[in-house]
Each structure stands twice: as structure tokens, then as C-alpha cells.
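Asks: this one's sequence-less:
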């Protein structure tokens, strides 16, 4: 995944990552992160605002850890910190996804 200069600067500023760490975490976020479509309510509206705020019209928004990754065509555009008010919501979504994955594994 390509990382823009702006995204690298935001990753360093907001998360404290160097280039290699940012590449690794971005790939994990893209593969394992919570997508915009998996959210509901206030969090969904917040991510929608970010989508329209971003002049590049990101095709992928992923939440991983305490960060929001804005991705367009396999390029990381920018990173935002996840507001604290949504951290419990993310935990609930992860728990629900894990439960769904276990159910699917048991059905096989």
C-alpha cells in the first residue's frame, strides 16, 4: 500500500509511527479494520462527515486501534485519531464481529 507524504506526516504526528511501522499498521487496518459500512448511528454519521470532508472522496475508511485510516485506490491519504466517545462503540463492534466469525466457523 502506498502512503502519501501527507499521510506519513499525520501518522508520525498523531500516532508516533515511523514509515515502516505505518506501512505495517496500514496494511493491517485495510485487511482487519472496521469499515464504514460496519458502523451505525453517531459513529456512522461521523465517518460520513469525514468522507465528504476529504477532497479525494476516499473509497475506504477503516478504523483500527484508535485511528481512522482514509484510503483511496490502495493509497493511504490521511489518518485521524478516533474520538474517545466512540471507543466503546468500536469494542462492541469488534465483539460482535468476533462472535459472528465464531458462529460461521462452527457451521463449517
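Replies: Sure, I can see it. In this text, all values refer to a predicted model and were calculated from it rather than measured experimentally.
Asks: Could you list everything the nearest residue to residue 67 once chain neighbours are set aside pairs with in the sheet?
Replies: Closest residue in space to residue 67, ignoring its immediate chain neighbours: residue 79 at 5.4 Å, by CB to CB, 6 or more residues apart in numbering. All C-beta atoms are positioned from the backbone trio N, CA, C, and that covers glycine. Beta-bridge partners of residue 79, counted by DSSP bridges, are residue 69.
Asks: Distance-wise, check residue 79 relative to residue 48.
Replies: Going from residue 79 to residue 48 by CB to CB, to the nearest Å gives 18 Å.
Asks: Report the buried residues of the helix or strand in which residue 63 is found.
Replies: Residue 63 is part of strand 60-64, with elements assigned from DSSP states H and E. Neighbour counts using 16 or more other CB atoms under 10 Å place 60, 61, 62, 63, 64 of strand 60-64 among the buried residues.
Asks: do you know how far residue 33 is from residue 5?
Replies: When residue 33 is compared with residue 5 (using CB to CB), they lie 22 Å apart.
Asks: Show the contacting residues for residue 65.
Replies: Each residue near residue 65 by CB atoms under 8 Å, 6 or more residues apart in numbering is listed here: 25, 29, 82.
Asks: Now do the phi/psi pair for the last one.
Replies: Its backbone dihedrals place residue 82 at phi -70, psi 120, with angles given as degrees, to the nearest 10.
Asks: so what's it up against?
Replies: Contact analysis of residue 82 by CB under 8 Å, 6+ apart lists 63, 65, 66, 67, 68, 90.
Asks: Could you dump these into TSV with pLDDT and distance to residue 96 added?
Replies: Output for these, formatted as TSV (pLDDT from 0 to 100; distance: CB to CB, whole Å):
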residue	pLDDT	distance to residue 96
63	96	14
65	91	18
66	92	19
67	95	20
68	95	19
90	92	11
